[in-house]
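Trainee: Got a predicted structure plus its sequence, pasted below:
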Amino acid sequence: QKFVYDFTEGNKDLKDLLGGKGANLAEMTNLGLPVPPGFTITTEACKVYLESGTEPVALRDEVSAHLDALEKQMGKKLGQADDPLLVSVRSGAKFSMPGMMDTVLNIGLSDASVAGLAAQAGSERFAWDSYRRLIQMFGKTVLGVDGELFEEALEEAKRAKGVTTDVELDAADLKRLVEEFKGIVAKETGRDFPQEPREQMDLAVRAVFDSWNGDRAKLYRRQERIPGDLGTAVNVCSMVFGNLGPDSGTGVAFTRDPASGHQGVYGDYLQNAQGEDVVAGIRNTVPLADLERIDKASYDQLMQIMETLETHYKDLCDIEFTIERGKLWMLQTRVGKRTAGAAFRIATQLVDQGLIDEAEALQRVTGGQLAQLMFPRFDDKAKTELLGRGIAASPGAAVGKAVFDSYTAVKWSRSGEKVILIRRETNPDDLDGMIASEGILTSRGGKTSHAAVVARGMGKTCVCGAEELEVDTKRRRMTAPGGVVIEEGEVVSIDGSTGKVYLGEVPVVPSPVVEYFEGRMQADSADADELVQAVHRMMSYADGGRRLQVRANADNAEDAARARRFGAQGIGLCRTEHMFLGERREMVERLILADTEAERDEALGALLPLQKADFVELFEAMDGLPVTVRLLDPPLHEFLPDITELSVRVALAEARREPHENELRLLQAVHKLHEQNPMLGLRGVRLGLVIPGLFAMQVRAIAEAAAERATAGGDPRAEIMIPLVGTVQELEIVREEAERVIAEVEQATGTDLGLTLGTMIELPRAALTAGQIAEAAEFFSFGTNDLTQTVWGFSRDDVEASFFTAYLEKGIFGVSPFETIDKDGVGSLVRAAAEAGRATRPDLKLGVCGEHGGDPESVHFFHEVGLDYVSCSPFRIPVARLEAGRAAA
Ligand code: ADP
Ligand code: MG
Ligand code: MG
């Protein structure tokens, strides 16, 4: 097994092994682009280290061999006193992870070699600047010294000299600072800053390995659903210097605008600077376009390279580069993060450019991004008080109470408050605060600042670099121009699409994408913007290719109509329990309290016309499309008053000697129906079997409604679904009764309704005996909520509050199984039941209702298992359509 790859040996498809950064450095090297030579230590080496606690035995020799080769190529040795080779040690996992260890630059510098570097470069100042940077970065990230200590010393040096930026410090100042930094390291760690170059390198490599299991990295992985066992690669890259004077510098660039997708020159550049300076916001960067004026040759070459990269990767790329005395070096590229809107635009732009086809375009967007685009926006007609504006870094309309530190953000959000995290700038320590917030506002930093990059990745609203807002984190307040002061706890609204910051709560309006789905805007009309056009095109690619149908969970005509506009191909779940609430509750009470058959029939008879009217409306709204109606599912006590309340009422009435005969009867009924585990009690098909006439009434209502629609010239397509079946016998009994009722209605109305009867598969026993159940069912609908509940033995209503957080923290699962289907457990039951059902009845229709039907990852799974449709709430339909299309592409 080979643990080290030279940059010339890898390529972009080796991300698993070389990490994203290493794979792309290799790709650029092989494209002939100017990349400083170096090598990558594989994720496999990291995994061995993480598992065993020590580096693999072969690693040391392999690194030595590659270092030798690098030294030969560069004509100098690592840390060589008269002319030191310096390297950076850079982390780089398969997925870019802002929570991981920072890079350490200038490794190889020491007391012995700093003069050699100065002599070679002809600059004392440069050499000492590089050295102080090394001690600072190494001290913080490798030795774990509090970074603030170095920052404070640096600030103090500037203050003492009466200057504001680090470039104004001269060689002598920096030399003093180096001494001070070394003192800090010695004091904080009890050992001297390591002077031996190879030891520096080895310690840094190990620190990168360790950073994989840092708290922030783990948190980020959980958020982004990145598996915990991938490990990180480590890149050792020979240094090039942007801090050699005004003819040097460093920058970041995008091949297109990551916010709009438009082609053009996007990026930031900073003269006489190294590495992180650009994104850290310590000095003001200039727009990339200014580089043309500063260094035309490098600028032209960079433009050329950007074009090469975009054509090569066929996607938006982001880039890190450094110019060393007029020579351009490429330090990183990757397919860049982008906003949801830009993802849709870019995908269609690339199709138009002929770079990708429609199927590939579908892989460039996600249902999650589409969901983001459907969020409401601020109403531009609302009266607002503008506090200031910054850079629109990540879109969305966020409203919340101002908080000025991550701790408070987390604390307040736990107690149910919506918060906006306001910082001067964010760093990886703010990650949990950012997650807890509705949106993030910073007063410093550009589109490539930490806040912007992380927020875009998480789909959080972010406004950054709002320089006119003065943020005082110590006093927990922000001051806007004109002197308006916003204290902690005051409500602010931030618009990540325009960069505007408002005082108070600004009302929101539907997004144009929703207006489009609602049919209130034509994609080719004048008011439709590029975004709506792009969404329209992507939806048509998805619809053109998908095999899975998408239905809606809806139980009234209004939802059904919306679902239809959103592209639903029917109703997959119409819950009838909502039809038993409100003023009808009294009738249900009468049904439950009925002592005699006559009383019961009367109660049912009163409910029948109401149910029927509901169905008529629904069948009309869904005319021509299937409507799956589920017979009553929840336990009856849910329709009765609360037991405590009722007891109090009875007791009061007794005390006052008022008549309370009805209350007493009700109370007795409530007692009788009381269950320890109602979810496992008298509900679903069990109700139908023990309450005579209940299911018959519902079936009659469905059949009569269908007959009425058919007679009126409509095309009703009802499907009757029996919930909570565990054995085929239950289904057979209900089926017999239902068929009798349907035949009666058909005969009386002279219709042929073509009603089908099926069942939910939501108990493990049903899944395990699906082959038998299919004998009595024309369709299965997997009720994955209950199935998850019963397969895991989790009470859905309780576990999320009680121990899921602990489970997520311990990594037992990366995401709640109620949100994304548990493929290995619940999913394998679904797969087996689908197969067994189809073996019995080849034309068995298979669908899913329940939350998972609208969850992107689950949709892919259901596609793969071969189901016919998923059903989800109306607003999730576009997401499900898109994901079904992506799954098939
Ligand atoms: P991150 O993943 O946080 O971007 P990087 O490894 O890309 O970390 O490095 C941080 C900064 O240091 C970047 O600006 C990068 O361009 C710069 N850098 C990394 N390696 C070198 C090098 N060999 N020479 C000059 N600058 C470097
Ligand atoms: Mg980088
Ligand atoms: Mg259920």
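Mentor: Good, I have the coordinates. Ligands and ions are numbered 1, 2, ... in the order given.

Trainee: shouldn't D290 be in contact with L270?
Mentor: No. In this structure, D290 is not within contact of L270 by Cβ atoms under 8 Å, at 10.6 Å. No exception for glycine: its C-beta is placed from N, CA and C like everyone else's.

Trainee: more crowded one of these two?
Mentor: Between D290 and L270, counted using other Cβ atoms under 10 Å, L270 has the larger neighbour count: 21 against 15.

Trainee: Wait, I494 touches I420, no?
Mentor: Yes. Here I494 reaches I420: they are 6.0 Å apart, a contact under Cβ under 8 Å.

Trainee: what's the overlap in contacts for those two?
Mentor: A398, V399, G439, L441 (Cβ atoms under 8 Å, 6 or more residues apart in numbering).

Trainee: What score does the last one have for pLDDT?
Mentor: The reference is to L441. pLDDT, L441: 97.

Trainee: Then it would be within a helix, right?
Mentor: No. Counting by DSSP: H, G, I helix; E, B strand; the rest coil, L441 is located in no helix; its state is strand.

Trainee: What is the distance between the helix or strand hosting E737 and the centre of its chain?
Mentor: If you go by DSSP states H and E, E737 is part of helix 728-749. Put simply, helix 728-749 sits 46 Å off its chain's centre (Cα atoms, centre = their mean, to the nearest Å).

Trainee: Check stretch 560-571 too.
Mentor: 26 Å.

Trainee: One more: stretch 638-653?
Mentor: With Cα atoms, centre = their mean, you get 44 Å for stretch 638-653.

Trainee: Give me the buried positions along it.
Mentor: Within stretch 638-653, the residues scored as buried using 16 or more other Cβ atoms under 10 Å are F639, L640, P641, L646, R649, V650, A653.

Trainee: now the fifth one: how far from ligand 3?
Mentor: Noted for R649: a distance of 32 Å to ligand 3, by Cβ to the ion, to the nearest Å.

Trainee: List the contacts of that residue.
Mentor: H660, E663 are the contacts of R649 under Cβ under 8 Å, 6+ apart.

Trainee: can you tell me which helix or strand it belongs to?
Mentor: Using DSSP H and E, R649 falls in helix 643-655.

Trainee: For burial, what's the neighbour tally of K672?
Mentor: 9.

Trainee: Mind listing what's buried along the helix or strand where G605 lies?
Mentor: Assigned by DSSP H and E, G605 falls within helix 597-621. By neighbour count with 16+ other Cβ under 10 Å, helix 597-621 contains the buried residues 600, 603-604, 606-608, 611-612, 614-621.

Trainee: pLDDT score for the residue nearest the centre of the chain?
Mentor: Nearest to the mean C-alpha position of the chain, by Cα atoms, centre = their mean, lies M458 at 5.6 Å. M458 is assigned 71 on the pLDDT scale.

Trainee: wait, isn't it in contact with I435?
Mentor: Yes. When contacts are counted by Cβ under 8 Å, M458 is listed as touching I435 (7.0 Å).

Trainee: circling back to that earlier point, of all the buried residues of stretch 638-653, which comes closest to ligand 2?
Mentor: F639 (59.7 Å; Cβ to the ion).

Trainee: and M478, how far is that from ligand 1?
Mentor: 28 Å (Cβ to the nearest ligand atom, to the nearest Å).

Trainee: Same check on K447?
Mentor: 15 Å.

Trainee: That residue should be in a helix, yeah?
Mentor: No. Assessed with three-state DSSP, K447 is coil; it does not lie in a helix.

Trainee: So what's the residue count around it?
Mentor: By other Cβ under 10 Å, neighbour count at K447 equals 23.

Trainee: List the contacts of it.
Mentor: Applying Cβ under 8 Å, 6+ apart, the residues near K447 are P258, A259, Y266, D268, I391, A393, C464.

Trainee: Give me the distance between it and K500.
Mentor: Separation of K447 from K500 (Cβ to Cβ, to the nearest Å): 16 Å.

Trainee: Same check on K810?
Mentor: 41 Å.

Trainee: Looking at these two, which is more packed in?
Mentor: K500 (20 against 9).

Trainee: Give me the pLDDT for the more buried one.
Mentor: pLDDT at K500 comes out at 94.

Trainee: try L149
Mentor: 95.

Trainee: And it, which helix or strand is it part of?
Mentor: helix 147-161.

Trainee: The closest residue to ligand 2 within the stretch 451-600 of the chain: how many residues sit nearby?
Mentor: Using Cβ to the ion, the closest approach of the stretch 451-600 of the chain to ligand 2 is made by V453 at 10.2 Å. Neighbourhood size, V453 [other Cβ under 10 Å]: 25.

Trainee: where does the closest residue in space to S211 that isn't next to it in sequence land on pLDDT?
Mentor: Nearest residue to S211, sequence neighbours excluded (Cβ to Cβ, 6 or more residues apart in numbering): M101, at 3.3 Å. pLDDT, M101: 74.

Trainee: same check, this time on Q223
Mentor: 64.

Trainee: dump the residue contacts of P376.
Mentor: A397, V508, V509, P510, S511, V514.

Trainee: Got phi/psi on it?
Mentor: Note on P376: backbone dihedrals following degrees, to the nearest 10 are phi -60, psi 160.

Trainee: next one: the one 4 residues further on
Mentor: D380 has phi and psi values of phi -80, psi -10 when expressed as degrees, to the nearest 10.

Trainee: Relative to L441, how far out is it?
Mentor: From D380 to L441 the distance is 20 Å (Cβ to Cβ).

Trainee: What is the burial count for E739?
Mentor: A total of 13 residues lie near E739 under the criterion other Cβ under 10 Å.

Trainee: now V670
Mentor: V670 has 19 nearby residues by other Cβ under 10 Å.

Trainee: shouldn't it be in contact with H637?
Mentor: Yes. Contact criterion Cβ under 8 Å: V670 and H637 qualify, at 6.3 Å.

Trainee: still on that earlier bit, got the angle for the helix or strand following the helix holding L149 vs helix 147-161?
Mentor: Remark: after helix 147-161, the chain's next helix or strand is helix 171-189, criterion DSSP H and E. Angle of helix 171-189 versus helix 147-161, following axes from the mean of the first three to the mean of the last three Cα atoms, to 10 degrees, is 150 degrees.

Trainee: Residues contacting helix 171-189, please?
Mentor: In contact with helix 171-189 (Cβ under 8 Å, 6+ apart) are residues 114, 118, 124-125, 127-129, 131-132, 135-136, 139, 143-146, 149-150, 153-154, 157, 161, 169, 191-193.

Trainee: Show me where the stretch 451-600 of the chain has its helices.
Mentor: Along the stretch 451-600 of the chain, the stretches classed as helices by DSSP state H, counting those that start in this stretch are 512-517, 530-545, 557-565, 585-593, 597-621.

Trainee: could you say what helices and strands the longest one packs with?
Mentor: The criterion is 3 or more Cβ pairs under 8 Å, 6 or more residues apart in numbering; DSSP states H and E, and the helices and strands that helix 597-621 contacts are helix 557-565, helix 585-593, strand 626-630, helix 694-711, strand 717-722.

Trainee: burial measure for the residue of the chain found nearest ligand 2, as a count.
Mentor: Ligand 2 sits closest to Q332 of the chain, with a gap of 4.5 Å, by Cβ to the ion. Neighbourhood size, Q332 [other Cβ under 10 Å]: 22.

Trainee: The helix or strand it falls within packs against which elements?
Mentor: If you go by DSSP H and E, Q332 is part of strand 327-335. Secondary-structure packing of strand 327-335 (3+ Cβ pairs under 8 Å, 6+ apart): helix 15-30, helix 296-313, strand 317-324.

Trainee: Ligand 1: which of those is closest?
Mentor: With Cβ to the nearest ligand atom as the criterion, ligand 1 lies closest to strand 317-324 of the helices and strands packed on strand 327-335, at 3.8 Å.
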